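# Turn this into a structure:
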Amino acid sequence: MMTLSRLFGGLLSLSLMATTAYAAPPTRIVEGWYAHNATLIMLGAQDHIIATVAKPSIMPWMFRLVPSLSKAQPLEAGNLNGEELLRLDPDLVFVTASGHSADALSKVGLHVVPEGFDRFVGLLECVDGTATLLQTPLAAKRAQAYRVAFLKAVSQAATNPQGPKVLHVESLKPLRVDGDQSIIDQWILSAGGRNAAVGVHGNKQPVSMEQILTWNPDIIIIGANAGDPAQLASDGVWSQLAAVKAGRVYRNPSGIFPWDRYGPELLLQVDWARQIVQTGHVDEAEMITKMQDFYRQFYGIALRSEDAKRMLAALPPD
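As a prediction, the model looks like this:
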């Protein structure tokens, strides 16, 4: 069995991220990281997002299930202008820690919070830290409930040094995969698999088809927006891989945010991936029930069965 210490990178005691609580709860929030929108929504702050990099074309379920987000001013990711943001008079501006805008935005007088993580522990710290900044009873309640549920889910993790080799493809054209030092690597390990992308570090890394042939993964998981996995069986090169020959190619579900990446729906991903790795299929009826419970508890959303089924198949809203 995998220990929590190993899964969380040696950190069993998860402390709150160092954050500064302002005099009053923030009511005007600028969101500069795609994934963090889902955290703000989970913590009940959706009506306070006045500008965001999220777009309906990229995240259709987010805008379908949280229609108030359509009132927010759209922003271009990676091109946040401090002077323009100042005119919005925000209380908080969230940005990616991996970007280079935090210092520049802070210098013009904005309250900037960089966010980013590549481990389960970082996800929980992000949720806890955001709840601390929001200063609402709902945010605190949901953050605590989420922590409890997540720790319970990953306590069932079972690493297997001889487990199946899992390749997570972020994009088919151009060809990019997710390596270690990523949240993707974490849930692959939690599911009992091994990351097939040996020697690749980080997210969305370009690789050659020759390299994938050398890895010869047992399981291939295609990101929801990565391309059509059905085409691999008829491709003369992809069809040579063990995963394709065995029919073990799967499309990753996507909801408010893609489950496989850096949002709270990672809790669902852990369960889904464990079923894929250990049994080769997902109990759809059981998973839909878990999805409905999840979105009700953590988002206050009554998810219809037909919508849950489309999410599970990585399909957009009907």
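# Tell me where the protein has helices.
Remark: helices assigned in the chain by DSSP state H are 4-7, 36-42, 60-65, 82-87, 102-107, 120-134, 137-154, 183-190, 209-215, 242-245, 266-279, 284-299, 305-312.
# Need those in JSON lines (columns: mean neighbour count).
C-beta here means a position set from N, CA and C on the backbone, and glycine is covered the same way. Putting these into JSON lines (neighbours: other C-beta atoms under 10 Å) gives the following:
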{"stretch": "helix 4-7", "mean neighbour count": "15"}
{"stretch": "helix 36-42", "mean neighbour count": "26"}
{"stretch": "helix 60-65", "mean neighbour count": "19"}
{"stretch": "helix 82-87", "mean neighbour count": "13"}
{"stretch": "helix 102-107", "mean neighbour count": "15"}
{"stretch": "helix 120-134", "mean neighbour count": "23"}
{"stretch": "helix 137-154", "mean neighbour count": "16"}
{"stretch": "helix 183-190", "mean neighbour count": "26"}
{"stretch": "helix 209-215", "mean neighbour count": "15"}
{"stretch": "helix 242-245", "mean neighbour count": "17"}
{"stretch": "helix 266-279", "mean neighbour count": "21"}
{"stretch": "helix 284-299", "mean neighbour count": "17"}
{"stretch": "helix 305-312", "mean neighbour count": "18"}
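# which of those has the lowest average pLDDT?
Lowest mean pLDDT within those: helix 4-7, a mean of 54.
# ok and the longest strand belonging to the chain relative to helix 183-190, angle-wise?
Once the chain is assigned using DSSP state E, the strand that runs over the most residues is strand 165-171. An angle of 160 degrees separates the directions of strand 165-171 and helix 183-190 when computed by axes from the mean of the first three to the mean of the last three C-alpha atoms, to 10 degrees.
# which parts of strand 165-171 are buried?
Of the residues in strand 165-171, those with enough neighbours to count as buried (16 or more other C-beta atoms under 10 Å) are Lys165, Val166, Leu167, His168, Val169, Glu170.
# what sits up against it?
Contacts made with strand 165-171 from outside it, assessed by C-beta atoms under 8 Å, 6 or more residues apart in numbering, are listed as 175-178, 184, 188, 191, 193-197, 203-204, 212, 215-223, 226-227, 243, 252, 260, 277.
# Buried subset of those residues as a ChimeraX selection?
Restricted to buried positions by 16+ other C-beta under 10 Å, the ChimeraX selection for the contacts of strand 165-171 reads:
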select :175,176,177,178,184,188,191,193,194,195,196,197,203,212,215,217,218,219,220,221,222,223,226,227,243,252,260,277
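# Let's see which of the contacts of strand 165-171 end up in strands.
Arg176, Val177, Arg194, Asn195, Ile219, Ile220, Ile221, Ile222.
# Quick check: the farthest pair among these?
The span of the ones in strands among the contacts of strand 165-171, defined through C-beta to C-beta, is set by Arg176 and Arg194 at 19.4 Å.
# And Pro258, how close does it get to Phe298?
16 Å (C-beta to C-beta, to the nearest Å).
# Over to Thr136?
According to C-beta to C-beta, Thr136 stands 15 Å off from Phe298.
# same deal with Lys141?
When C-beta to C-beta is the yardstick, Lys141 and Phe298 sit 10 Å from each other.
# Same check on Ser305?
In this structure, Ser305 and Phe298 are separated by 18 Å, where distance is defined by C-beta to C-beta.
# Format the CA atom coordinates belonging to stretch 90-108 as CSV.
Included here for stretch 90-108 are C-alpha records, laid out as CSV according to Å, rounded to 0.1, in the frame of the first residue of the first chain:
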residue,chain,number,x,y,z
PRO,A,90,-10.4,44.6,-7.5
ASP,A,91,-9.8,43.5,-3.9
LEU,A,92,-7.8,40.4,-5.0
VAL,A,93,-6.0,39.3,-8.2
PHE,A,94,-5.2,35.6,-8.6
VAL,A,95,-2.4,34.7,-11.0
THR,A,96,-0.3,31.6,-11.8
ALA,A,97,2.8,31.3,-9.8
SER,A,98,4.6,30.0,-12.9
GLY,A,99,3.8,33.2,-14.7
HIS,A,100,5.8,36.4,-14.5
SER,A,101,3.1,38.9,-13.9
ALA,A,102,2.8,38.8,-10.1
ASP,A,103,5.6,41.3,-9.3
ALA,A,104,4.6,43.7,-12.1
LEU,A,105,0.9,43.7,-11.0
SER,A,106,1.9,44.1,-7.3
LYS,A,107,4.0,47.2,-8.2
VAL,A,108,1.0,49.1,-9.4
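# Any idea how many residues pack against Asn225?
Other residues near Asn225 number 15, with proximity taken as other C-beta atoms under 10 Å.
# Per-residue pLDDT of it, please?
Looking at Asn225 specifically, the model assigns a pLDDT of 92.
# Hmm, Pro253 and it touching each other?
No: applying C-beta atoms under 8 Å, one finds Asn225 not in contact with Pro253, separated by 11.7 Å.
# So for these two, which residues contact both of them?
Between them, Asn225 and Pro253 have Ala314 as joint contacts when contacts are counted by C-beta under 8 Å, 6+ apart.
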